[in-house]
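Colleague: curious how this folds, go ahead:
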Amino acid sequence: MFLREVLFNAPPEDSPLIDRNDKNGIRHQFLTNGNSSLVANFLGQPWQGDYVFSSGNLVLDMLHNFFLESGARMGKLRVYESTTNPVAKRLCGYLLTPGGVHQLACTVALEKLTGVSVPTMRPIPDISNTKIPETAEFHAKGLHATLYRFSDNDCQRLSEVFNGSHPEDGCPLSVVDGHPDGHPLADLATAPASGIPSFDMGEMKETVDRLMKGNDYSKLDDAMAAMNENRKPINGTNVKL
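Modeller: This next block holds a predicted model:
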């Protein structure tokens, strides 16, 4: 009944899984991490690399990678369908784009290794990125057909495998050296409810005084002056050192 509701009665962009969102989750993440990220899977188990599979047989290894990428894509789709938060949906839209590239790369490699038309099996699950509005901006940039080679030394011949055209829209597949441009780190606001206030300038000066006791203070005054010049007000109050 649950699958019928999701598959037949509601498109993914309408968040058909949202009613199940608050019934599950890792509660201790919110209690112990102050709503920050948790280096663990959805069961709360820390990442240990025990998911790495290396049999020594290339076809078997690629099949296993294809299986993992398909499972990862399923998880992203279900998260997407479980929220109406626009930031979360846009994040899922982005993650589904390179995730789809990784899934496609495995199928292209398997096709070249075996002659079997594995790319025709994808996308798995059978919900195309074209049905996810938040993927459109990333597809427009060609990211759905771009495989990044982060290392300067590894996988030098990757473009000999990942080439041709995307099976859905015919966009040329390409390998790009390096990594995509990142985004500047956000200057996050304080979170008093989580016990994460901004630093107190008086306490900071006291700490510095203790650390610098008996040392040369000649550069300390300049550093403190620079901090006073550049820092932001705390709770609307300018407190100078």
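Colleague: for the rest of this, base every contact and every neighbour count on C-alpha atoms.
Modeller: Will do.
Colleague: need the longest helix for this structure.
Modeller: Criterion DSSP state H: the longest helix present in the chain is helix 86-114.
Colleague: packing partners for that helix?
Modeller: When contacts are defined as 3 or more CA pairs under 8 Å, 6 or more residues apart in numbering; DSSP states H and E, helix 86-114 packs onto helix 58-80, helix 136-140, strand 146-149.
Colleague: domain ranges for this protein?
Modeller: 2-177, 197-230 (automatic domain parsing).
Colleague: weakest of those domains in terms of mean pLDDT?
Modeller: Lowest mean pLDDT of the domains of the chain: domain 197-230, a mean of 69.
Colleague: what angle sits between the longest helix of the chain and helix 58-80?
Modeller: Direction vectors for helix 86-114 and helix 58-80, defined by axes from the mean of the first three to the mean of the last three CA atoms, to 10 degrees, enclose an angle of 160 degrees.
Colleague: if we can go back for a sec, now render the helices and strands packed on helix 86-114 as CSV, adding distance to residue 175 and mean neighbour count.
Modeller: Shown next, in CSV, are the helices and strands packed on helix 86-114 (distance: least, CA to CA, whole Å; neighbours: other CA atoms under 10 Å):
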stretch, distance to residue 175, mean neighbour count
helix 58-80, 18, 18
helix 136-140, 16, 15
strand 146-149, 5, 20
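Colleague: of those, which approaches residue 121 most closely?
Modeller: helix 58-80 (10.6 Å; CA to CA).
Colleague: now the closest one - C-alpha only, PDB.
Modeller: Extracted in PDB, the C-alpha atoms of helix 58-80 (Å, rounded to 0.1, in the frame of the first residue of the first chain):
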ATOM      1  CA  LEU A  58      36.800  -6.300 -12.400                       C
ATOM      2  CA  VAL A  59      33.400  -7.200 -13.700                       C
ATOM      3  CA  LEU A  60      32.200  -8.300 -10.300                       C
ATOM      4  CA  ASP A  61      33.700  -5.100  -8.700                       C
ATOM      5  CA  MET A  62      31.900  -2.900 -11.200                       C
ATOM      6  CA  LEU A  63      28.600  -4.700 -10.700                       C
ATOM      7  CA  HIS A  64      28.900  -4.200  -7.000                       C
ATOM      8  CA  ASN A  65      29.700  -0.500  -7.500                       C
ATOM      9  CA  PHE A  66      26.700  -0.200  -9.800                       C
ATOM     10  CA  PHE A  67      24.600  -1.800  -7.000                       C
ATOM     11  CA  LEU A  68      26.000   0.700  -4.500                       C
ATOM     12  CA  GLU A  69      25.300   3.700  -6.700                       C
ATOM     13  CA  SER A  70      21.800   2.500  -7.400                       C
ATOM     14  CA  GLY A  71      21.100   2.100  -3.600                       C
ATOM     15  CA  ALA A  72      22.600   5.600  -3.000                       C
ATOM     16  CA  ARG A  73      20.300   7.100  -5.600                       C
ATOM     17  CA  MET A  74      17.300   5.400  -4.100                       C
ATOM     18  CA  GLY A  75      18.200   7.000  -0.700                       C
ATOM     19  CA  LYS A  76      18.500  10.500  -2.200                       C
ATOM     20  CA  LEU A  77      15.200  10.100  -4.000                       C
ATOM     21  CA  ARG A  78      13.400   9.100  -0.800                       C
ATOM     22  CA  VAL A  79      15.000  11.900   1.200                       C
ATOM     23  CA  TYR A  80      13.800  14.300  -1.600                       C
END
